[in-house]
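> Here is my input; please provide its structure:
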Amino acid sequence: MFLATFLGLASVEEAMRLYAGGKQGEARRMLEAIAQAEPANFEAHFRLGLIALNAQDLSAAAASLNRASQLRPTHAQVWLAIAQTQRKMRNKSQAAEAAAKAESLAANDPVMLHGLALFHSETGNWAKAAGLESRYATLAPGDRDAAARAVSFYLQAGQPKPAIELAGKALAKEKRADLHNLLGKAYEADGQFENTIVELQKAIQLAPREESYVFDLAYVLLVHQNFDVAIQLLESARKIFARSAQLELALGIANYGQRKFAEAVDAFLRTAELAPKIEQPYVFLGRIISHAEGRLEEITEKFASFARANPRNYLGHFLHAKGLIAQMGPSPSVELADQAERLLKKSILLNPTFWESEFELGTLLEGKKNFTVAAQHLERAIQLSPKTPAPHYRLARVYDRLGKAEAAQAERVLHEKLTMEERTAIETHAAGLKRLELVVK
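The predicted structure follows:
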């Protein structure tokens, strides 16, 4: 009776109803029986291929879909499914060939255009995905998110101008926060900075409780060094997003840029409390530690806690050592110095390519008058980061102590040259940044 049901009464439709009802195994067995009994049954082979693809049984999917393509070589959906299967099998050329075949057969079928757009987005071909999704958006006005997806794909492809055009057309039909946000990003990518601010603010006005929109505007302000305006924005946002580690970190960076070091320390410490596992607040505290008078013990304990929680992460041990070194003052404690040395050696062991650990250890050993070993670590720091001025300056001092006058002079010349190059690069970068203002009230 069961066999008779399979071979006689069963249909592809019944199998798909079983599949939709959660009986995937039974549906697959039924389709396999139909395909075996009726080798020319296109629907059985096609549906069986889709089920196998969904189950990640790629070899079975490829076999069934290839058979379906032989039965109906002009069926666009079969070729798209083959493209998806070949992509998952990492057969790039076969996947691209099948996708091209599917597109040639798709004409203006919205379902196919959308499916092909998603396929190309998954392969990283953002320009192709954007063009297809843009066509889909025109043909499927009922899909309110289609235009936004196409704009996003254009941005991923580094094509801001069509993104601006498409977002503008979509906004003419419907005022939406996500479209204003995307349009702002497109203007930013196109260098239209004033328009960037206008659109990003409109997104916030339409969706004031969407944290990502606030962050996007803050990010642009930070990139263009509008630190004071970023501070205003982020302090106001605190009233709504009181526990946002992301916005708190941005506030710390803005205060850091304004050289408001006490406020920056407060923001970075709060970020570490809100999100103790992320590295950025600890990194910024490490950079700002020389301006954190009165907070050194608190910061060092934060570094120690991060190191304890992440014993295999070189950064925690490096920062803990840096905090201890900052506490030493002009008359360093032997105990603190030895502890810092152990931590720096552990950091180097965990990550031998991080130049700052070598530099800090070399500087520490210079203070301990172990000049020969100090030179070795400073030389290693220069090897890892040859364009950084500070290690050259320190190595010149150590070479002087070792009686290597010519080598010391060479390091001083390099230090001066690299310092000038660094200053010129910073000034050039700053000159190229255009000051932005919040123009929407």
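
> CA atoms only for whichever strand or helix holds Ser347 - export them in PDB, please.
Assigned by DSSP states H and E, Ser347 belongs to helix 334-350. C-alpha atoms of helix 334-350 as PDB (Å, rounded to 0.1, in the frame of the first residue of the first chain):
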ATOM      1  CA  VAL A 334      61.500  47.900  41.700                       C
ATOM      2  CA  GLU A 335      58.400  45.700  42.300                       C
ATOM      3  CA  LEU A 336      56.200  47.600  39.800                       C
ATOM      4  CA  ALA A 337      59.000  47.700  37.300                       C
ATOM      5  CA  ASP A 338      59.600  44.000  37.500                       C
ATOM      6  CA  GLN A 339      55.800  43.300  37.200                       C
ATOM      7  CA  ALA A 340      55.600  45.600  34.200                       C
ATOM      8  CA  GLU A 341      58.500  43.800  32.600                       C
ATOM      9  CA  ARG A 342      56.900  40.400  33.000                       C
ATOM     10  CA  LEU A 343      53.700  41.600  31.600                       C
ATOM     11  CA  LEU A 344      55.400  43.100  28.500                       C
ATOM     12  CA  LYS A 345      57.300  39.900  27.900                       C
ATOM     13  CA  LYS A 346      54.000  38.000  28.100                       C
ATOM     14  CA  SER A 347      52.400  40.400  25.600                       C
ATOM     15  CA  ILE A 348      55.400  39.900  23.200                       C
ATOM     16  CA  LEU A 349      55.100  36.200  23.600                       C
ATOM     17  CA  LEU A 350      51.400  36.300  22.700                       C
END
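
> Just give the number of residues close to the nearest residue to Gln280 once chain neighbours are set aside.
Counting by CB to CB, 6 or more residues apart in numbering, Gln280 lies nearest to Leu249, which is 5.7 Å off, once chain neighbours are set aside. Heads up, the C-betas are built off the backbone N, CA and C, glycines and all. Residues lying near Leu249 (other CB atoms under 10 Å) number 24.

> For the protein, which residue occupies the most central location?
Central residue of the chain (CA atoms, centre = their mean): Gln156, 12.4 Å from the mean position.

> how far away is that one from Glu248?
Between Gln156 and Glu248 the computed distance is 28 Å (CB to CB, to the nearest Å).

> on that earlier part again, relative to Tyr154, how far out is the nearest residue to the residue nearest to the centre of the chain once chain neighbours are set aside?
Once flanking residues are discounted, Gln156 sits nearest to Trp126: 3.9 Å by CB to CB, 6+ apart. As judged by CB to CB, Trp126 and Tyr154 stand 8 Å apart.

> neighbour count winner among these two?
Shown here are Trp126 and Tyr154; by other CB under 10 Å, Tyr154 has more neighbours (28 against 18).

> Quick check: closest non-adjacent residue to Lys175.
Leu206 (6.9 Å).

> Would you mark the buried spots in stretch 221-237?
Leu221, Leu222, His224, Gln225, Asn226, Phe227, Val229, Ala230, Ile231, Leu233, Leu234, Ala237 (16 or more other CB atoms under 10 Å).

> follow-up on the earlier one: next secondary structure element downstream of the helix holding Ser347?
Next along the chain after helix 334-350, taking DSSP H and E as the criterion, comes helix 355-367.
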